[in-house]
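In: Based on what follows, work out the 3D shape:
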Amino acid sequence: MVVLVTGANGFIGRHLVPALMRAGHTVIAGTRQSHALGTENGRVAHMPVDFMDDIAVEHWQTRLKDIDVVVNAVGIISETSAQNFERVHIRGPAALFAACAALRIRVIQISALGADRDASSRYH
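Out: Numbering: from 1, shown residues only. Take a look at the predicted model:
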């Protein structure tokens, strides 16, 4: 299978990519930086992914050609001037998932933490 892992250089993604490769899958690392996970020497294919910009279904449709499964492991624990929850956790994934649905691509959504009304972080 060809698996796109978004957030491939994050905590979850950097563990998931080698496990998928050991299992015999072709992995495409969806990251903001092309040097993530050895993509510069061809060990893993790279797809530029930035949920701050990739917030429309049209951003995804042609890039998902030949993908069998998408694993979304993108996430931020706190907002910065460069990244916010609205785009990274809502608009980017929604566009990706809508494109996957239209193309009949399976999606696995991974999240680092749960939800808690009394949490000290807005992430929760």
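In: now what about stretch 2-14, what contacts it?
Out: 16-17, 20, 25-31, 33, 36-37, 44, 47, 49, 51, 64, 66-75, 96, 110, 112 (Cβ atoms under 8 Å, 6 or more residues apart in numbering). (Glycine included, C-beta is placed from N, CA and C.)
In: buried subset of those?
Out: 16-17, 20, 25, 27-31, 36-37, 44, 47, 49, 51, 64, 67, 69-75, 96, 110 (16 or more other Cβ atoms under 10 Å).
In: Could you tell me which of these belong to helices?
Out: The members of these that map onto helices under DSSP state H are Leu16, Val17, Leu20, Leu96.
In: Go through those residues and name the one nearest Val57.
Out: The closest of these to Val57 turns out to be Leu96 (Cβ to Cβ; 8.4 Å).
In: residues touching that closest one, list them.
Out: Leu96 neighbours (Cβ under 8 Å, 6+ apart): Thr6, Asp54, Trp60, Val70, Asn72, Val107.
In: need those residues in CSV with pLDDT and distance to Ser81, can you?
Out: Listed next are these as CSV, based on pLDDT from 0 to 100; distance: Cβ to Cβ, whole Å:
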residue, pLDDT, distance to Ser81
Thr6, 96, 22
Asp54, 91, 19
Trp60, 95, 25
Val70, 98, 28
Asn72, 96, 23
Val107, 98, 29
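In: now for the residues you listed, which pair is the farthest apart?
Out: The widest separation within these (Cβ to Cβ) is 14.8 Å, between Asp54 and Val107.
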